[in-house]
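[1] Quick one: sequence and predicted model below, then my questions.
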Amino acid sequence: MDMATLRVSSGTINSLPLLTKKTKPHFFLSLRAFKSTLKTASMSYDKDLLLPRMLLLSLLVFVKKSKALLQADVIQSDRLHVTVADYEELDSASFSLVAEEDSGDLRKEEGKETLQRIMKLVNETLASDGTYGNAPLYEEDVLAAIDSGRSEGVLHLGRVYWILLTEGGPSGQHWVLDPIDGTKGFLRGDQYAIALGLLDEGKVVLGVLACPNLPLSSLASNNLQDDQEKVGCLFYAQVGSGTYMQSLDGSMPIKVHVTDLDNPEEASFFESFEAAHSLHDLSSLIAKKLGVRAPPVRIDSQAKYGALSRGDGAIYLRFPHKGYREKIWDHAAGYLVVAEAGGVVSDAAGNPLDFSKGRYLDLHEGIIVTNQKLMPALLKAVKESLNEKASSL
Ligand SMILES: Nc1ncnc2c1ncn2[C@@H]1O[C@H](COP(=O)(O)O)[C@@H](OP(=O)(O)O)[C@H]1O
Ligand SMILES: [Mg+2]
(Lines give C-alpha, C1' and ligand atoms only; values in the text may rest on other atoms or scores of the structure.)
(Ligands and ions follow the chains in the order given, each with its own letter.)
Protein backbone atom coordinates (compact mmCIF):
# COMPACT_ATOMS: atom_id res chain seq x y z
CA MET A 1 0.00 0.00 0.00
CA ASP A 2 1.75 3.18 -1.11
CA MET A 3 -0.84 5.44 0.40
CA ALA A 4 -0.67 7.42 3.57
CA THR A 5 -2.42 6.04 6.59
CA LEU A 6 -4.27 8.45 8.72
CA ARG A 7 -5.64 7.65 12.11
CA VAL A 8 -8.56 9.47 13.52
CA SER A 9 -10.69 9.28 16.58
CA SER A 10 -13.85 11.16 16.30
CA GLY A 11 -17.24 11.71 17.81
CA THR A 12 -19.43 8.68 17.55
CA ILE A 13 -21.80 8.95 14.70
CA ASN A 14 -24.96 9.59 16.59
CA SER A 15 -28.03 9.62 14.52
CA LEU A 16 -28.97 13.20 14.34
CA PRO A 17 -32.60 14.25 14.46
CA LEU A 18 -33.82 15.12 11.01
CA LEU A 19 -32.64 18.54 10.04
CA THR A 20 -35.40 20.98 9.35
CA LYS A 21 -35.77 24.03 7.16
CA LYS A 22 -34.52 26.09 10.04
CA THR A 23 -31.39 24.08 10.63
CA LYS A 24 -30.50 23.12 7.10
CA PRO A 25 -28.81 26.43 6.27
CA HIS A 26 -26.65 25.84 9.33
CA PHE A 27 -25.66 22.50 8.00
CA PHE A 28 -24.27 24.06 4.87
CA LEU A 29 -22.79 26.96 6.76
CA SER A 30 -21.02 24.53 9.03
CA LEU A 31 -19.78 22.62 6.06
CA ARG A 32 -18.13 25.78 4.81
CA ALA A 33 -16.73 26.44 8.25
CA PHE A 34 -15.52 22.92 8.23
CA LYS A 35 -13.54 23.45 5.11
CA SER A 36 -11.95 26.56 6.64
CA THR A 37 -11.05 24.52 9.69
CA LEU A 38 -9.25 21.94 7.66
CA LYS A 39 -7.54 24.49 5.49
CA THR A 40 -6.26 26.30 8.55
CA ALA A 41 -5.10 23.07 10.11
CA SER A 42 -3.15 22.12 7.05
CA MET A 43 -1.58 25.55 6.71
CA SER A 44 -0.43 25.55 10.30
CA TYR A 45 0.72 22.00 10.48
CA ASP A 46 1.04 20.56 7.09
CA LYS A 47 3.81 18.07 7.12
CA ASP A 48 2.75 15.02 5.26
CA LEU A 49 -0.81 15.23 6.43
CA LEU A 50 -2.17 16.41 3.15
CA LEU A 51 -5.23 18.52 3.24
CA PRO A 52 -7.12 16.73 0.50
CA ARG A 53 -6.92 13.47 2.36
CA MET A 54 -8.03 15.04 5.60
CA LEU A 55 -10.77 16.79 3.77
CA LEU A 56 -12.12 13.61 2.34
CA LEU A 57 -11.95 11.77 5.59
CA SER A 58 -13.41 14.56 7.61
CA LEU A 59 -16.21 15.12 5.22
CA LEU A 60 -17.04 11.49 5.58
CA VAL A 61 -17.28 11.74 9.34
CA PHE A 62 -19.14 14.99 9.09
CA VAL A 63 -21.58 13.62 6.61
CA LYS A 64 -22.11 10.46 8.58
CA LYS A 65 -22.99 12.50 11.61
CA SER A 66 -25.63 14.19 9.55
CA LYS A 67 -26.78 10.93 8.12
CA ALA A 68 -30.44 11.51 8.81
CA LEU A 69 -30.48 14.61 6.67
CA LEU A 70 -28.66 12.96 3.84
CA GLN A 71 -30.72 9.86 3.83
CA ALA A 72 -33.90 11.82 3.78
CA ASP A 73 -32.74 14.06 1.00
CA VAL A 74 -30.80 11.69 -1.15
CA ILE A 75 -33.28 8.90 -1.16
CA GLN A 76 -36.40 10.91 -1.80
CA SER A 77 -35.99 11.46 -5.48
CA ASP A 78 -38.32 14.45 -5.69
CA ARG A 79 -35.88 16.34 -3.50
CA LEU A 80 -32.81 14.95 -5.10
CA HIS A 81 -32.21 17.82 -7.47
CA VAL A 82 -32.18 20.36 -4.72
CA THR A 83 -29.79 18.32 -2.68
CA VAL A 84 -27.29 17.60 -5.36
CA ALA A 85 -27.46 21.21 -6.47
CA ASP A 86 -26.62 22.19 -2.93
CA TYR A 87 -23.54 20.03 -2.97
CA GLU A 88 -22.41 21.43 -6.26
CA GLU A 89 -22.88 24.95 -5.08
CA LEU A 90 -20.64 24.15 -2.17
CA ASP A 91 -17.80 23.33 -4.50
CA SER A 92 -16.87 20.69 -2.03
CA ALA A 93 -14.12 18.30 -2.88
CA SER A 94 -15.84 14.95 -3.13
CA PHE A 95 -18.59 15.68 -0.66
CA SER A 96 -20.88 13.27 -2.39
CA LEU A 97 -18.43 10.44 -2.32
CA VAL A 98 -19.41 9.65 1.17
CA ALA A 99 -23.00 10.65 1.28
CA GLU A 100 -24.18 7.22 2.31
CA GLU A 101 -22.75 4.83 4.83
CA ASP A 102 -24.14 1.86 3.13
CA SER A 103 -24.21 1.50 -0.60
CA GLY A 104 -27.47 -0.48 -0.53
CA ASP A 105 -29.66 2.42 -1.61
CA LEU A 106 -27.22 3.49 -4.25
CA ARG A 107 -27.12 0.01 -5.71
CA LYS A 108 -30.89 -0.04 -6.19
CA GLU A 109 -32.55 1.13 -9.39
CA GLU A 110 -33.87 4.25 -7.60
CA GLY A 111 -30.36 5.14 -6.49
CA LYS A 112 -28.89 4.99 -9.94
CA GLU A 113 -29.30 8.62 -10.78
CA THR A 114 -27.85 9.67 -7.44
CA LEU A 115 -24.90 7.41 -7.96
CA GLN A 116 -24.24 8.82 -11.38
CA ARG A 117 -24.30 12.33 -10.01
CA ILE A 118 -22.00 11.33 -7.22
CA MET A 119 -19.60 9.73 -9.68
CA LYS A 120 -19.58 12.85 -11.79
CA LEU A 121 -18.83 15.07 -8.82
CA VAL A 122 -16.19 12.75 -7.46
CA ASN A 123 -14.35 12.38 -10.71
CA GLU A 124 -14.50 16.07 -11.51
CA THR A 125 -13.13 16.80 -8.07
CA LEU A 126 -10.37 14.26 -8.36
CA ALA A 127 -9.45 15.47 -11.84
CA SER A 128 -9.15 19.04 -10.62
CA ASP A 129 -6.84 17.95 -7.82
CA GLY A 130 -3.60 16.51 -9.10
CA THR A 131 -2.93 14.68 -5.83
CA TYR A 132 -4.95 11.70 -6.86
CA GLY A 133 -3.46 10.90 -10.24
CA ASN A 134 -5.44 10.83 -13.42
CA ALA A 135 -7.31 7.56 -13.31
CA PRO A 136 -11.01 8.03 -12.72
CA LEU A 137 -12.83 6.07 -10.06
CA TYR A 138 -15.43 3.55 -11.08
CA GLU A 139 -18.81 3.06 -9.49
CA GLU A 140 -17.69 -0.17 -7.87
CA ASP A 141 -14.74 1.62 -6.21
CA VAL A 142 -17.04 4.13 -4.63
CA LEU A 143 -19.64 1.61 -3.54
CA ALA A 144 -16.94 -0.62 -2.07
CA ALA A 145 -15.40 2.34 -0.31
CA ILE A 146 -18.69 3.17 1.31
CA ASP A 147 -19.27 -0.43 2.37
CA SER A 148 -15.79 -1.14 3.66
CA GLY A 149 -15.97 2.03 5.73
CA ARG A 150 -19.05 0.67 7.38
CA SER A 151 -18.04 -2.86 8.00
CA GLU A 152 -14.43 -2.56 9.03
CA GLY A 153 -13.83 0.96 10.16
CA VAL A 154 -11.31 1.15 7.36
CA LEU A 155 -12.19 3.26 4.42
CA HIS A 156 -10.83 2.44 1.07
CA LEU A 157 -11.58 5.31 -1.19
CA GLY A 158 -11.17 3.62 -4.47
CA ARG A 159 -7.51 3.69 -5.30
CA VAL A 160 -6.91 6.81 -3.33
CA TYR A 161 -5.90 5.91 0.20
CA TRP A 162 -6.77 4.15 3.39
CA ILE A 163 -7.97 5.65 6.61
CA LEU A 164 -8.16 3.92 9.94
CA LEU A 165 -10.68 4.97 12.50
CA THR A 166 -8.91 4.35 15.78
CA GLU A 167 -9.13 5.03 19.46
CA GLY A 168 -6.26 7.52 19.67
CA GLY A 169 -3.69 6.82 22.38
CA PRO A 170 -0.23 7.75 23.62
CA SER A 171 1.84 7.17 20.51
CA GLY A 172 1.82 8.45 16.98
CA GLN A 173 -0.35 11.16 15.50
CA HIS A 174 -4.10 11.16 15.69
CA TRP A 175 -6.54 13.67 14.33
CA VAL A 176 -9.39 14.25 16.73
CA LEU A 177 -12.48 15.53 15.08
CA ASP A 178 -15.85 16.67 16.21
CA PRO A 179 -17.61 17.65 13.00
CA ILE A 180 -20.53 19.24 14.78
CA ASP A 181 -19.85 19.84 18.42
CA GLY A 182 -22.84 21.14 20.31
CA THR A 183 -25.36 19.24 18.25
CA LYS A 184 -28.17 20.54 20.43
CA GLY A 185 -27.09 24.12 19.84
CA PHE A 186 -26.78 23.44 16.14
CA LEU A 187 -30.34 22.16 16.03
CA ARG A 188 -31.59 25.16 17.97
CA GLY A 189 -29.72 27.53 15.67
CA ASP A 190 -27.51 28.58 18.59
CA GLN A 191 -23.82 27.97 19.17
CA TYR A 192 -21.93 25.01 17.79
CA ALA A 193 -18.41 24.37 16.65
CA ILE A 194 -16.40 22.34 14.23
CA ALA A 195 -13.47 21.12 16.26
CA LEU A 196 -10.32 19.57 14.97
CA GLY A 197 -7.29 18.71 17.05
CA LEU A 198 -4.09 16.87 16.37
CA LEU A 199 -2.49 14.63 18.97
CA ASP A 200 1.20 13.91 18.72
CA GLU A 201 2.53 11.34 21.19
CA GLY A 202 -0.47 11.89 23.41
CA LYS A 203 -0.29 15.69 23.46
CA VAL A 204 -2.50 18.14 21.63
CA VAL A 205 -0.25 20.03 19.23
CA LEU A 206 -2.82 21.70 17.03
CA GLY A 207 -6.33 22.92 17.70
CA VAL A 208 -8.74 24.54 15.30
CA LEU A 209 -12.23 25.64 16.25
CA ALA A 210 -14.70 27.08 13.83
CA CYS A 211 -17.70 28.72 15.48
CA PRO A 212 -20.04 29.79 12.70
CA ASN A 213 -22.53 31.47 15.01
CA LEU A 214 -20.21 33.15 17.46
CA PRO A 215 -20.20 36.97 17.24
CA LEU A 216 -16.90 38.45 16.15
CA SER A 217 -17.13 40.97 18.94
CA SER A 218 -16.89 39.96 22.56
CA LEU A 219 -19.92 38.36 24.16
CA ALA A 220 -19.19 40.64 27.08
CA SER A 221 -19.36 43.74 24.92
CA ASN A 222 -22.02 46.28 25.79
CA ASN A 223 -22.12 47.48 22.25
CA LEU A 224 -24.05 44.51 21.00
CA GLN A 225 -26.21 45.99 18.28
CA ASP A 226 -24.23 46.01 15.06
CA ASP A 227 -21.29 43.88 16.00
CA GLN A 228 -23.35 41.06 17.35
CA GLU A 229 -24.80 40.59 13.92
CA LYS A 230 -21.42 39.73 12.51
CA VAL A 231 -20.82 36.13 13.34
CA GLY A 232 -18.42 33.38 12.38
CA CYS A 233 -15.10 32.95 14.16
CA LEU A 234 -12.18 30.69 13.53
CA PHE A 235 -9.73 30.06 16.37
CA TYR A 236 -6.51 28.18 15.88
CA ALA A 237 -3.57 27.31 18.03
CA GLN A 238 -0.37 25.48 17.44
CA VAL A 239 1.62 24.36 20.43
CA GLY A 240 4.17 27.02 21.39
CA SER A 241 2.82 29.61 18.93
CA GLY A 242 -0.18 31.19 20.63
CA THR A 243 -3.81 31.37 19.64
CA TYR A 244 -5.21 33.35 16.74
CA MET A 245 -8.71 34.31 15.76
CA GLN A 246 -10.04 35.42 12.42
CA SER A 247 -13.44 35.77 10.94
CA LEU A 248 -14.70 32.76 9.08
CA ASP A 249 -14.87 34.79 5.93
CA GLY A 250 -11.17 35.41 6.11
CA SER A 251 -10.17 38.59 8.01
CA MET A 252 -6.58 39.09 9.16
CA PRO A 253 -5.88 36.83 12.12
CA ILE A 254 -5.38 38.49 15.47
CA LYS A 255 -3.57 37.02 18.42
CA VAL A 256 -5.90 36.47 21.35
CA HIS A 257 -5.34 36.17 25.08
CA VAL A 258 -7.41 35.10 28.01
CA THR A 259 -8.45 37.86 30.38
CA ASP A 260 -5.90 39.04 32.92
CA LEU A 261 -8.58 39.65 35.51
CA ASP A 262 -7.57 38.75 39.05
CA ASN A 263 -10.68 39.71 40.93
CA PRO A 264 -13.23 36.88 40.80
CA GLU A 265 -16.02 39.29 41.68
CA GLU A 266 -15.62 40.82 38.26
CA ALA A 267 -15.43 37.51 36.47
CA SER A 268 -18.18 35.98 34.41
CA PHE A 269 -18.42 32.29 33.75
CA PHE A 270 -19.47 29.96 30.99
CA GLU A 271 -21.23 26.66 31.27
CA SER A 272 -23.20 24.30 29.04
CA PHE A 273 -26.57 25.46 27.86
CA GLU A 274 -27.81 21.93 28.46
CA ALA A 275 -28.40 21.14 32.13
CA ALA A 276 -28.00 17.48 31.23
CA HIS A 277 -24.36 18.11 30.29
CA SER A 278 -23.20 19.94 33.39
CA LEU A 279 -24.42 20.47 36.94
CA HIS A 280 -25.69 24.01 36.96
CA ASP A 281 -26.39 24.03 40.68
CA LEU A 282 -22.81 23.05 41.46
CA SER A 283 -21.36 25.76 39.25
CA SER A 284 -23.64 28.31 40.81
CA LEU A 285 -22.40 27.26 44.26
CA ILE A 286 -18.79 27.61 43.09
CA ALA A 287 -19.50 31.00 41.56
CA LYS A 288 -21.13 32.16 44.77
CA LYS A 289 -18.14 31.07 46.85
CA LEU A 290 -15.85 32.96 44.51
CA GLY A 291 -17.99 36.06 44.78
CA VAL A 292 -18.83 36.09 41.06
CA ARG A 293 -21.64 38.59 40.57
CA ALA A 294 -22.58 38.05 36.95
CA PRO A 295 -25.09 35.36 36.00
CA PRO A 296 -23.74 32.33 34.09
CA VAL A 297 -23.33 32.59 30.36
CA ARG A 298 -24.79 29.38 28.96
CA ILE A 299 -23.73 28.42 25.49
CA ASP A 300 -23.25 25.17 23.63
CA SER A 301 -20.13 23.53 22.33
CA GLN A 302 -16.45 24.35 22.39
CA ALA A 303 -17.39 27.89 21.39
CA LYS A 304 -17.00 28.38 25.17
CA TYR A 305 -13.28 27.66 24.87
CA GLY A 306 -13.02 30.04 21.92
CA ALA A 307 -14.86 32.83 23.72
CA LEU A 308 -12.75 32.34 26.82
CA SER A 309 -9.52 32.40 24.83
CA ARG A 310 -10.24 35.97 23.75
CA GLY A 311 -11.32 37.09 27.20
CA ASP A 312 -15.10 37.21 26.75
CA GLY A 313 -15.46 35.47 30.08
CA ALA A 314 -12.98 34.41 32.72
CA ILE A 315 -14.11 30.96 33.80
CA TYR A 316 -15.63 27.84 32.22
CA LEU A 317 -17.04 25.19 34.54
CA ARG A 318 -18.09 21.74 33.40
CA PHE A 319 -19.34 19.14 35.84
CA PRO A 320 -21.00 16.23 34.09
CA HIS A 321 -23.57 14.13 35.88
CA LYS A 322 -22.29 11.04 37.62
CA GLY A 323 -21.21 8.25 35.31
CA TYR A 324 -20.64 10.37 32.20
CA ARG A 325 -17.20 10.09 30.66
CA GLU A 326 -15.89 13.08 28.73
CA LYS A 327 -14.60 12.35 25.23
CA ILE A 328 -11.38 13.78 23.83
CA TRP A 329 -13.06 15.27 20.75
CA ASP A 330 -15.19 17.49 22.96
CA HIS A 331 -12.08 19.15 24.43
CA ALA A 332 -8.86 18.61 22.45
CA ALA A 333 -9.11 21.60 20.12
CA GLY A 334 -10.68 23.86 22.74
CA TYR A 335 -8.08 22.92 25.31
CA LEU A 336 -5.19 24.05 23.10
CA VAL A 337 -6.98 27.19 21.99
CA VAL A 338 -7.28 28.23 25.64
CA ALA A 339 -3.86 26.97 26.76
CA GLU A 340 -2.05 28.80 23.96
CA ALA A 341 -3.99 31.96 24.83
CA GLY A 342 -2.47 31.78 28.31
CA GLY A 343 -5.29 29.96 30.08
CA VAL A 344 -5.30 26.92 32.31
CA VAL A 345 -7.49 23.86 31.75
CA SER A 346 -7.59 21.19 34.41
CA ASP A 347 -9.83 18.71 36.13
CA ALA A 348 -11.51 19.71 39.36
CA ALA A 349 -8.48 18.66 41.40
CA GLY A 350 -6.11 20.78 39.33
CA ASN A 351 -4.66 17.89 37.29
CA PRO A 352 -3.87 18.67 33.67
CA LEU A 353 -6.04 16.94 31.09
CA ASP A 354 -4.50 13.80 29.68
CA PHE A 355 -5.36 13.20 26.04
CA SER A 356 -3.20 10.11 25.72
CA LYS A 357 -5.64 7.58 27.13
CA GLY A 358 -7.72 6.93 24.05
CA ARG A 359 -11.23 8.19 23.48
CA TYR A 360 -11.95 9.21 27.04
CA LEU A 361 -10.55 11.70 29.49
CA ASP A 362 -9.88 10.42 32.98
CA LEU A 363 -11.15 13.24 35.12
CA HIS A 364 -11.54 14.02 38.73
CA GLU A 365 -15.17 15.27 38.81
CA GLY A 366 -15.11 17.77 35.96
CA ILE A 367 -13.25 20.35 33.93
CA ILE A 368 -12.39 23.87 35.03
CA VAL A 369 -10.88 26.55 32.85
CA THR A 370 -9.62 30.01 33.74
CA ASN A 371 -6.51 32.21 33.71
CA GLN A 372 -3.39 31.69 35.84
CA LYS A 373 -4.32 34.38 38.34
CA LEU A 374 -7.80 33.13 39.13
CA MET A 375 -6.95 29.43 39.19
CA PRO A 376 -5.88 29.14 42.87
CA ALA A 377 -9.09 30.79 44.11
CA LEU A 378 -11.16 28.75 41.68
CA LEU A 379 -9.60 25.48 42.79
CA LYS A 380 -10.30 26.36 46.40
CA ALA A 381 -13.93 27.21 45.68
CA VAL A 382 -14.34 24.02 43.66
CA LYS A 383 -12.88 21.89 46.41
CA GLU A 384 -15.10 23.44 49.08
CA SER A 385 -18.18 23.14 46.92
CA LEU A 386 -17.52 19.50 46.10
CA ASN A 387 -17.03 18.74 49.79
CA GLU A 388 -20.25 20.50 50.66
CA LYS A 389 -22.10 18.62 47.99
CA ALA A 390 -20.66 15.29 49.15
CA SER A 391 -21.59 15.91 52.77
CA SER A 392 -25.12 16.93 51.89
CA LEU A 393 -25.80 13.64 50.12
N1 LIG B 1 -24.63 13.69 29.81
C2 LIG B 1 -23.64 14.39 29.30
N3 LIG B 1 -22.77 15.03 30.11
C4 LIG B 1 -21.79 15.77 29.60
N5 LIG B 1 -21.55 15.95 28.28
C6 LIG B 1 -22.37 15.32 27.44
C7 LIG B 1 -23.45 14.53 27.89
N8 LIG B 1 -24.10 14.05 26.83
C9 LIG B 1 -23.44 14.52 25.75
N10 LIG B 1 -22.40 15.29 26.13
C11 LIG B 1 -21.40 15.93 25.29
O12 LIG B 1 -21.51 17.33 25.40
C13 LIG B 1 -21.17 17.87 24.14
C14 LIG B 1 -21.71 19.25 23.99
O15 LIG B 1 -21.15 20.05 24.95
P16 LIG B 1 -21.84 21.35 25.49
O17 LIG B 1 -22.78 20.97 26.57
O18 LIG B 1 -20.68 22.13 25.99
O19 LIG B 1 -22.53 21.98 24.34
C20 LIG B 1 -21.74 16.89 23.17
O21 LIG B 1 -21.06 16.97 21.97
P22 LIG B 1 -21.87 16.75 20.59
O23 LIG B 1 -22.88 17.81 20.50
O24 LIG B 1 -20.78 16.85 19.59
O25 LIG B 1 -22.46 15.38 20.68
C26 LIG B 1 -21.57 15.54 23.85
O27 LIG B 1 -20.41 14.87 23.44
MG1 LIG C 1 -19.06 17.17 20.79
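    That came through, no problem. Ligands and ions are numbered 1, 2, ... in the order given.

[2] can you tell if stretch 281-289 touches ligand 1?
    No - judged by C-beta under 6 Å from any ligand atom, stretch 281-289 makes no contact with ligand 1; its nearest approach is 12.3 Å. The C-beta positions use only the backbone N, C-alpha and C, and glycine is treated the same way.

[3] Near the nearest residue to residue 211 once chain neighbours are set aside, how many other residues are there?
    Ranked by C-beta to C-beta, 6 or more residues apart in numbering and with sequence neighbours excluded, the top spatial neighbour of residue 211 is residue 303, at 4.3 Å. The tally of other residues near residue 303 (other C-beta atoms under 10 Å) stands at 29.

[4] residues in contact with residue 303?
    Taking C-beta atoms under 8 Å, 6 or more residues apart in numbering, we find residue 303 in contact with 182, 185, 191-193, 209, 211, 213-214.

[5] same deal with residue 371?
    Going by C-beta under 8 Å, 6+ apart, residue 371 touches 258-261, 314, 342-344.

[6] For those, give me a markdown table that also has neighbour count, secondary structure and distance to ligand 1.
    Converted to a markdown table, the contacts of residue 371 look like this (neighbours: other C-beta atoms under 10 Å; DSSP: H, G, I helix; E, B strand; the rest coil; distance: C-beta to the nearest ligand atom, whole Å):
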| residue | neighbour count | secondary structure | distance to ligand 1 |
| --- | --- | --- | --- |
| 258 | 26 | coil | 18 |
| 259 | 24 | coil | 20 |
| 260 | 12 | coil | 25 |
| 261 | 18 | coil | 22 |
| 314 | 29 | coil | 17 |
| 342 | 17 | coil | 22 |
| 343 | 26 | strand | 16 |
| 344 | 19 | strand | 18 |
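
[7] now, which of the residues you listed sits nearest ligand 2?
    residue 343 (19.7 Å; C-beta to the ion).

[8] any idea how far that closest one is from residue 180?
    To residue 180, residue 343 is 24 Å away according to C-beta to C-beta, to the nearest Å.

[9] Same question for residue 392.
    Taken as C-beta to C-beta, the span from residue 392 to residue 180 is 37 Å.

[10] Tell me which of these two has more neighbours.
    Using other C-beta under 10 Å as the criterion, residue 392 and residue 180 rank with residue 180 on top: 26 against 6.

[11] which non-adjacent residue is nearest the more buried one?
    Nearest residue to residue 180, sequence neighbours excluded (C-beta to C-beta, 6+ apart): residue 186, at 5.3 Å.

[12] do the same with residue 244
    Distances taken as C-beta to C-beta, 6+ apart put residue 253 closest to residue 244, at 4.1 Å, once the chain neighbours are dropped.

[13] who touches that neighbour in this structure?
    For residue 253, the contacting residues are 236, 244-246, by C-beta under 8 Å, 6+ apart.

[14] at 10 Å what do you get?
    40, 234-236, 243-247 (C-beta atoms under 10 Å, 6 or more residues apart in numbering).

[15] can I get these in JSON lines with neighbour count?
    Below are these laid out as JSON lines (neighbours: other C-beta atoms under 10 Å):
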{"residue": "40", "neighbour count": "22"}
{"residue": "234", "neighbour count": "26"}
{"residue": "235", "neighbour count": "34"}
{"residue": "236", "neighbour count": "29"}
{"residue": "243", "neighbour count": "28"}
{"residue": "244", "neighbour count": "21"}
{"residue": "245", "neighbour count": "23"}
{"residue": "246", "neighbour count": "18"}
{"residue": "247", "neighbour count": "16"}
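
[16] So among these, where is pLDDT lowest?
    Least confident of those in the model: residue 40, at 66.

[17] which secondary element of this structure has the worst mean pLDDT?
    helix 77-90 (a mean of 29; mean pLDDT, DSSP states H and E).

[18] Need phi/psi at the one residue in the stretch 201-350 of the chain that gets nearest to ligand 2.
    When scored by C-beta to the ion, the stretch 201-350 of the chain has residue 330 as its residue closest to ligand 2, at 4.3 Å. Phi and psi for residue 330, reported as degrees, to the nearest 10, are phi -80, psi 0.

[19] so it sits right up against residue 181, yeah?
    Yes - under the criterion of C-beta atoms under 10 Å, residue 330 makes contact with residue 181 at 6.3 Å.

[20] you'd agree residue 340 is up against residue 208?
    No - applying C-beta under 10 Å as the test, residue 340 and residue 208 come out as separate, 11.6 Å apart.

[21] Now do the shared contacts for the two.
    Both residue 340 and residue 208 are contacted by 235-238, under the criterion C-beta under 10 Å, 6+ apart.

[22] Alongside ligand 2, which residues does the protein contribute?
    178, 181, 330 (C-beta under 5 Å from the ion).

[23] where does the protein have low pLDDT?
    1-106, 110-111, 114-115, 117-138, 141-167, 179, 222-228 (pLDDT under 70).

[24] cutoff 80 now
    Counting by pLDDT under 80, the chain has low-confidence residues at 1-168, 172-180, 183, 186-189, 198, 221-229, 249-251, 393.

[25] For it, what lies in contact range of ligand 1?
    So far as C-beta under 6 Å from any ligand atom goes, the chain lies against ligand 1 at 11, 178, 180-183, 185, 272, 274, 276-277, 300-301, 320-321, 324, 327, 330.

[26] picking up where we left off before, list the contacts for the residue of the stretch 201-350 of the chain closest to ligand 2?
    Contact analysis of residue 330 by C-beta under 10 Å, 6+ apart lists 11, 176, 178, 181-182, 193, 195, 277, 301-302, 318, 361, 367.

[27] Also residue 200?
    45, 171-174, 206, 239.
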